[in-house]
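S.K.: this is a predicted model, with the sequence first.
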Amino acid sequence: MINVVKKIFSSNYSRSLRNFLQIKTTLSNKPKKIDSTISDFFYWNQDQTNSTKFMLTNLSSHTYPLENENDSVRMLIFDNNGKNIKSLNVTLKPFETLNIFFSDLNITGYGSFFVFHKFSKLNDIFKSTTYLAERGYVGYRQQNGVWNFMHGNKFSNYLDFKNNIQTIEALSFYNIEYMPQVSFNDTREGFIILNNPLKKLINFKVKYYSTNNNLLSSEMVNLHKYQTKIIKLVNSCSYVKVSSKLMLSRPIILKKYKTYFDIFHG
Amino acid sequence: MNYYFFLNFEELNLDSSVEIFNSPPISKFYKKKIEDKKIVIFYSKDNKWNYFDYGIIKKNTFVTIKKSELPSQLDNQSLFIYLSDISSELSIDYENDYNLSLPEWRSNIKIISPSTSCSYQGELPNHFKNKKLSLISCSPMVQQDNLVENYFILVNLSKNPTKNPFDVEILNSKKKILDKTTFYTNTINKYSLKKLKNYNSEMFIFKSSERGGLPLYFSRNIENKSMSLEHTHPPQAYFIFGDTFKYQKIKKNYWFS
């Protein structure tokens, strides 16, 4: 009986209702397919100044180290317009970690990407209704500076065994406003980076505030399926609030300094 | 309660700061009342907790505290921060759930050079203080460039104010022990990876069966002109829903056996 109640309470219908009533709100839905693995929607930027690399590691070795299994990985890379411009299939040996340099992929610009893992012991994980998620580490670099690392921002999308991508990001009936708990007072140029993990349009609203909590201005940022946008903050902006129908409109923060930059999830 | 902390690298001519917002990331989900709070900085010295009342943070404002601007009595200490009720006694055991929220109520924890900064949004949850944790941190973030220095940082906060030593081992992915070091409780511990320059490994594993904490990786070029700071996920963070701790247990059993 307890298990049935638990199952009903944790279903996606129940999650939507909980979010509507704001009782035990949740930021993620469950994948509709049990045989799914999850990925963040990672940001990349590759041009003459900027470089990106992804630290691709065998997650089977992290999960079942004694099994010594290969890990088959599928990377799906989208440009800033949401177009799938590259798909990679990589097989990792046990305990192997590869640097995936975007400079080797013959792509330039910026956008977002998914990383989905598959290995045979995943079936054991599925049986316990748990899902494996790639939340790994992306390195960003300018010229010959150090690789500036940032891990995944949130549980985003899943790939089922029929290779369909779906989101697990929970949606709200009304706009939910998110405030990154960081100021931009120390930077000469501040940016936020937003991407859209959904197959439909998201309308983000970005509000710019001064240190004294005065609303300086606001703007709508519309992102189509899998699009990515880099938004430069207005002058004198001290902090931002971002809202949309996503339960978690958490942006990536980018700050430029005299000799380098800082990047982290907000 | 969540705690925050400074990352000290004065010896490298670097400053650090903690930026605290007195409002949650999503107000709509937050059911408590936002109110003015007292910022308390504390540290372990002579086997007891020492407190410094930094002052009031007004509701819906933020404060950036630079380590270099704090009184000299706080120099060379591992400093932690919490938000207290204005009328409460200064005490690490003072329990409150004011800065617990969905998603986590974080602060910007930053290392500052004269020309750039690196930071992450961090917090040290109260259960880190109350539980006897162990450590497994697998990091692919170490950079083997000759002009780059890498540091492993372990932030430990324990209920008992004494600074007790504990051993940490550094392994490669084949479980070979490359080095050992001693860390202390209630300390922002640092380990330079210079010694590991000769090991051509894509992954280093920092391990302790005695104590745990928050593992962070800091890299800088030797002129402090470019820097990086990030933490590694705990083992269960690679899973969502169901029994995520089952897989943490499998991973820890492997590395501790």
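M.R.: Looks like it came in fine.

S.K.: any idea how far apart the tips of stretch B:100-108 sit?
M.R.: This stretch, stretch B:100-108, spans 16 Å end to end (Cα to Cα, to the nearest Å).

S.K.: list the buried residues of it.
M.R.: B:100, B:101, B:102, B:103, B:105, B:106, B:107, B:108 (16 or more other Cβ atoms under 10 Å in any protein chain shown). In this view, the C-beta of every residue, glycine as well, is placed from N, C-alpha and C.

S.K.: over to stretch B:55-63?
M.R.: B:57, B:62, B:63.

S.K.: one more: stretch B:156-175?
M.R.: Within stretch B:156-175, the residues that qualify as buried by neighbour count (16+ other Cβ under 10 Å) are B:156, B:157, B:158, B:161, B:163, B:166, B:168, B:169, B:170, B:171, B:172, B:173.

S.K.: could you look up the SS state of the third one?
M.R.: The three-state label given to residue B:158 by DSSP: H, G, I helix; E, B strand; the rest coil is coil.

S.K.: list, out of the buried residues of stretch B:100-108, those positioned next to chain A.
M.R.: B:102, B:103, B:105, B:106, B:107, B:108 (Cβ under 8 Å from any Cβ of the partner chain).

S.K.: roughly how far does the fifth one sit from residue A:126?
M.R.: Think residue B:107. 37 Å (Cβ to Cβ, to the nearest Å).

S.K.: equivalent analysis for the first one, please.
M.R.: If you measure residue B:102 against residue A:126 using Cβ to Cβ, the figure is 27 Å.

S.K.: got it, and the third one?
M.R.: Shown here: residue B:105 relative to residue A:126, a distance of 33 Å by Cβ to Cβ.

S.K.: domain map for chain B?
M.R.: Split into domains by automatic domain parsing, chain B comes to B:1-125, B:131-257.

S.K.: next, format those domains as TSV and append mean pLDDT.
M.R.: Listed next are the domains of chain B as TSV, based on pLDDT from 0 to 100:
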stretch	mean pLDDT
domain B:1-125	95
domain B:131-257	93
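
S.K.: out of these, which is closest to residue A:41?
M.R.: Closest approach to residue A:41 among the domains of chain B (Cβ to Cβ): domain B:131-257, 14.9 Å.

S.K.: so where is the stretch 151-266 of chain A shaky, pLDDT-wise?
M.R.: Under the criterion of pLDDT under 70, none of the stretch 151-266 of chain A is flagged as low confidence.

S.K.: what is the neighbour count of the closest residue to residue A:248 other than its chain neighbours?
M.R.: Nearest residue to residue A:248, sequence neighbours excluded (Cβ to Cβ, 6 or more residues apart in numbering or on different chains): residue A:27, at 4.8 Å. Using other Cβ atoms under 10 Å in any protein chain shown, residue A:27 has 20 other residues around it.

S.K.: likewise for residue A:217?
M.R.: Residue A:217, neighbours per other Cβ under 10 Å, totals 11.

S.K.: packing partners of the host helix or strand of it?
M.R.: Element membership for residue A:217, per DSSP states H and E: strand A:215-223. Contact here means 3 or more Cβ pairs under 8 Å, 6 or more residues apart in numbering or on different chains; DSSP states H and E; on that basis strand A:215-223 packs against strand A:189-195, strand A:202-209, strand A:228-232.

S.K.: including distance to residue A:258, could the domains of chain B go into JSON lines?
M.R.: Formatted as JSON lines, the entries for the domains of chain B read as follows, by distance: least, Cβ to Cβ, whole Å:
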{"stretch": "domain B:1-125", "distance to residue A:258": "4"}
{"stretch": "domain B:131-257", "distance to residue A:258": "9"}
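
S.K.: residue A:112 is nearest to which of those domains?
M.R.: For residue A:112, the closest of the domains of chain B is domain B:131-257, at 18.7 Å, according to Cβ to Cβ.

S.K.: which residues touch residue 220?
M.R.: Picked chain A for this. Taking Cβ atoms under 8 Å, 6 or more residues apart in numbering or on different chains as the criterion, residue A:220 is in contact with A:203, A:204, A:205, A:206.

S.K.: nope, chain B please
M.R.: Residue B:220 makes contacts with A:146, B:12, B:14, B:113, B:148, B:149, B:226, B:227, B:228, as judged by Cβ under 8 Å, 6+ apart.

S.K.: any idea how far the second one lies from residue B:86?
M.R.: Relative to residue B:86, residue B:12 is positioned 37 Å away (Cβ to Cβ).
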